[in-house]
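**Student:** here you go, sequence then predicted model.
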Amino acid sequence: MGLFNFFSSKEVSTIKIDEVDFAQLDRAKFLSDYFIPRKPVLIKGGAQNWPLVNHWTKDFIIANYGDYNCTVITDSRPAYAKLKTTLEDYFLNHKGKSTLTLDFDPLKSIFFLKGLSFPNSFFSKKEINRFFFYHSVKDAGTLPHVHKDAFNILRKGIKRWIMIDADKEKSPLGYNVLLDSYKKYPSGSHAKDWFRKELPKVARKVNLLECYQTDSDIMFIPESFCHTVVNISDEVLGIVVETNRK
């Protein structure tokens, strides 16, 4: 039984995250239906005409931005990773590993800005707080965590998402799920183990949201929403844009 089928077990009951075609979602609808009420949404084909989708490949990145600094990751707790190198070295010499590289100054990052499209319906340059460039492999991912409002822009691959509101006041159950993940899955742990061991248990206690993201989809993750991701395809590549909520 393949990974995709195993993780789609009928024993796990989830609620499907809203999926909206990009052509049917303007800024006003996005703000009123999703951003303001803090509701996740998968924007299908949201980045299909963006430069990162049309141009970014490993060879393109090595040739044009190979000296860009990145972090090499070997588990699903990227915040703990310490090994730094260049993207060229990462792609050429760290097979089977991942990078999820944080940058706090996107306005000075030519590599970052050339991958996005402005104006767009979701965020402006001034609203960006920080961003992550990521590349990863099958079965890897990220364990449950939270951050500010974010847009995960997938250039290539298939990712499975599980989400739950983890606002401490509005959703204490979701908040406890987040805390438990930190206790049980410290540095060195892997998302695939959480999906295998914890997902069936958590799904029996709280309502979980779920979706599958594919090429050029944009996933909107509201602030304080606990989320965990596992890669279904052999390779995933993209950017996460984190914004400031006004």
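**Tutor:** In hand now; what should we look at?
**Student:** so for the nearest residue to residue 88 once chain neighbours are set aside, what's the pLDDT?
**Tutor:** Leaving aside its chain neighbours, residue 88 sits nearest to residue 66 (3.2 Å; criterion: C-beta to C-beta, 6 or more residues apart in numbering). (Glycine included, C-beta is placed from N, CA and C.) pLDDT for residue 66: 95.
**Student:** alpha carbons only: can I get the helix or strand hosting residue 162 in PDB?
**Tutor:** Of the helices and strands defined by DSSP states H and E, residue 162 is found in strand 159-165. Coordinates of each C-alpha in strand 159-165 appear next as PDB, following Å, rounded to 0.1, in the frame of the first residue of the first chain:
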ATOM      1  CA  LYS A 159       1.600  18.000  -0.100                       C
ATOM      2  CA  ARG A 160      -1.000  16.800   2.400                       C
ATOM      3  CA  TRP A 161      -2.200  19.300   5.000                       C
ATOM      4  CA  ILE A 162      -3.800  18.800   8.400                       C
ATOM      5  CA  MET A 163      -5.000  21.900  10.200                       C
ATOM      6  CA  ILE A 164      -6.800  22.900  13.400                       C
ATOM      7  CA  ASP A 165      -7.400  26.300  15.000                       C
END
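**Student:** switch to numbering from 55
**Tutor:** Got it, first residue is 55 now, which makes that one strand 213-219.
**Student:** what residues of it count as buried?
**Tutor:** Neighbour-count burial for strand 213-219, counted by 16 or more other C-beta atoms under 10 Å, picks out 213, 214, 215, 216, 217, 218, 219.
**Student:** so the third one versus residue 242, what's the distance?
**Tutor:** The reference is to residue 215. Using C-beta to C-beta, to the nearest Å, we find residue 215 at a distance of 23 Å from residue 242.
**Student:** and the strands in this protein?
**Tutor:** Here the chain has its strands, by DSSP state E, at 69-70, 72-75, 95-98, 123-127, 138-140, 152-157, 182-191, 195-199, 204-210, 213-219, 263-267, 272-275, 279-285, 289-297.
**Student:** in TSV, list those strands along with distance to residue 146 and mean pLDDT.
**Tutor:** Below are the strands of the chain laid out as TSV (distance: least, C-beta to C-beta, whole Å; pLDDT from 0 to 100):
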stretch	distance to residue 146	mean pLDDT
strand 69-70	39	96
strand 72-75	36	98
strand 95-98	33	98
strand 123-127	12	95
strand 138-140	9	96
strand 152-157	13	90
strand 182-191	13	94
strand 195-199	23	95
strand 204-210	18	98
strand 213-219	24	97
strand 263-267	27	98
strand 272-275	29	98
strand 279-285	21	96
strand 289-297	15	97
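**Student:** name the helices or strands packed onto the lengthiest helix in the chain?
**Tutor:** Longest among the helix segments of the chain by residue count, using DSSP state H, is helix 226-238. Contacts defined by 3 or more C-beta pairs under 8 Å, 6 or more residues apart in numbering; DSSP states H and E place helix 226-238 against strand 195-199, strand 213-219, strand 279-285.
**Student:** how far off centre is the last one?
**Tutor:** Same thing as strand 279-285. 7 Å (C-alpha atoms, centre = their mean, to the nearest Å).
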